[in-house]
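1. Attaching a predicted model along with its sequence, questions to come.
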Number of protein chains: 2
Amino acid sequence: MNPIFERQSVRKFLEKDVSETQIENLLKAGMQAPSACNQQAWEFIVVDSDEDKMAISQMHKFAKPAADASKIIIVLGNLNEAKISSMIEQDLGACCENILLQATYEGLGAVWLGFHPIEDRCMKIRKYFDIPDYCIPFAVICVGYPAIDNGVKLRYDESKVRYGGY
Amino acid sequence: MNPIFERQSVRKFLEKDVSETQIENLLKAGMQAPSACNQQAWEFIVVDSDEDKMAISQMHKFAKPAADASKIIIVLGNLNEAKISSMIEQDLGACCENILLQATYEGLGAVWLGFHPIEDRCMKIRKYFDIPDYCIPFAVICVGYPAIDNGVKLRYDESKVRYGGY
C-alpha cells in the first residue's frame, strides 16, 4: 500500500479512539521528515480533551472537523531551534505530510487545518494553548477513524510539467 | 515497505538512468499532496541535460549532488494560480516530501536542495531556466540510483511532544 495515492482529507470521524501508540507512530513519522540543514525545529502538542477539541473547532471556519476527531496534533515551529528560520514553513509542510501519510498507513483518517501565517487563527490557538512567542502555531492535524470514504481523486496534470526550461 | 522510515538524503548516484515513467510517478506523487484550499499551485521543470545539471550544481555550495544526478525536478510555485499565496511554502513542502518518498518507494535515491527564499540562489536558477516573475523557484530535487547507503537515523525525540498545552 502506497499511502501517497490513498491519502484523502478526512473530516468526519467514528467514535472510536486512536491509541497512544498510533499517535506516537504519527509523531515518529513527522519527525522523520527532512529539514533545512537538518534543523528539525518542530514541536508538537497532542490534544485529546473534548473541551480543547471543541475550542479548536471554533477557531476558524474550516476547523469544524476538530470537534469529533479522536486526537489532535498541533504542529509548532520553534524559532529558537531554527538554523534557517526562513525555511521553517517548508520543513513543517514536509513534517505534516508525513503525519498524514502515516495516518493513512495506520488505517486512520486525518485532515490538515491551516493556521500559520493567518494572524487571527494563530492568535487564538497561541492564547488557548499558551504557545510562546518563539513558536509558530503552524497547523493542526485532526486524527480519527474515518466515517466517510470520499475516494481519492488523482491530481496529476501533465500541463504543469515542462522539460529543460520554463 | 513504508518509505517514511526508509527515506534518506542521497547525494551520490550511480551512472544509471532513471526512466521517464519513474519521473512521471514522482510527479504524480508530488501533485497528490494536499494544499491550502486545494490550490495545487505547483509546476515542475524536468532537467536531464548534463550541461543543465552541471549549471545547477554550481548555483550554491550544497548543490553539488546535481552534477551526477540522473534527472532533476525543479519544483516551482505559481503565484498566479495560488488562492492563498501565504501558504504556498507549506503546500510545496508537502509536495517535495511526496516526491522524495515516491523516489524511495521506486528504489531510487533523492535529495532536496533548498532554493526559496534565498535571494541569490533564486536569482541564478530563475535566470538560467527563464522562470517568470510569478513563479517561485522553490526547490530542486536530484534523483538517481543511490551509490551509497548511509542508513536511516531515527529522529524521534520525545522531548518535543507536549500534552494538552505548551
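-> Arrived safely, thanks for sending.
2. number of nearby residues for the closest residue to A:A67 other than its chain neighbours?
-> Once flanking residues are discounted, A:A67 sits nearest to A:S57: 3.8 Å by CB to CB, 6 or more residues apart in numbering or on different chains. Just so you know, the C-beta spots here come from the backbone N, C-alpha and C atoms, and that holds for glycine as well. Residues near A:S57, counting by other CB atoms under 10 Å in any protein chain shown, number 20.
3. who touches the residue lying closest to A:W42 once chain neighbours are set aside in this structure?
-> Leaving out its chain neighbours, the residue that sits closest to A:W42 by CB to CB, 6+ apart is A:C95, at 5.3 Å. Residues in contact with A:C95 (CB atoms under 8 Å, 6 or more residues apart in numbering or on different chains) are A:30-31, A:33, A:35, A:42, A:75.
4. pull the CA atoms of the helix or strand hosting A:C95 into PDB?
-> A:C95 is located in helix A:88-105, with elements delineated by DSSP states H and E. C-alpha atoms of helix A:88-105 as PDB (Å, rounded to 0.1, in the frame of the first residue of the first chain):
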ATOM      1  CA  ILE A  88      10.800  26.500   8.500                       C
ATOM      2  CA  GLU A  89       7.400  26.500   6.600                       C
ATOM      3  CA  GLN A  90       8.900  24.100   4.100                       C
ATOM      4  CA  ASP A  91      10.200  21.800   6.800                       C
ATOM      5  CA  LEU A  92       6.900  21.800   8.600                       C
ATOM      6  CA  GLY A  93       5.000  21.200   5.400                       C
ATOM      7  CA  ALA A  94       7.000  18.000   4.900                       C
ATOM      8  CA  CYS A  95       6.500  17.100   8.500                       C
ATOM      9  CA  CYS A  96       2.700  17.500   8.300                       C
ATOM     10  CA  GLU A  97       2.600  15.400   5.100                       C
ATOM     11  CA  ASN A  98       4.500  12.600   6.800                       C
ATOM     12  CA  ILE A  99       1.900  12.600   9.600                       C
ATOM     13  CA  LEU A 100      -1.000  12.500   7.200                       C
ATOM     14  CA  LEU A 101       0.600   9.700   5.200                       C
ATOM     15  CA  GLN A 102       1.400   7.700   8.400                       C
ATOM     16  CA  ALA A 103      -2.200   8.100   9.500                       C
ATOM     17  CA  THR A 104      -3.300   6.600   6.100                       C
ATOM     18  CA  TYR A 105      -0.800   3.800   6.600                       C
END
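5. Show the subsequent helix or strand relative to it.
-> strand A:109-114.
6. other SSEs contacting that next one?
-> On a contact count with 3 or more CB pairs under 8 Å, 6 or more residues apart in numbering or on different chains; DSSP states H and E, strand A:109-114 meets helix A:88-105, strand A:135-144.
7. could you give the angle of it to helix A:88-105?
-> 160 degrees (axes from the mean of the first three to the mean of the last three CA atoms, to 10 degrees).
8. how near is A:F62 to A:C96?
-> According to CB to CB, to the nearest Å, A:F62 stands 15 Å off from A:C96.
9. So the two - more neighbours on which side?
-> Comparing A:F62 with A:C96 by neighbour count (other CB under 10 Å), the higher total belongs to A:C96, at 28 against 15.
10. Counting neighbours, what do you get for A:D68?
-> 18.
11. Please identify the nearest residue in space to it, excluding sequence neighbours.
-> Spatially, and ignoring its direct neighbours in sequence, A:D68 is nearest to A:F13 (5.2 Å; CB to CB, 6+ apart).
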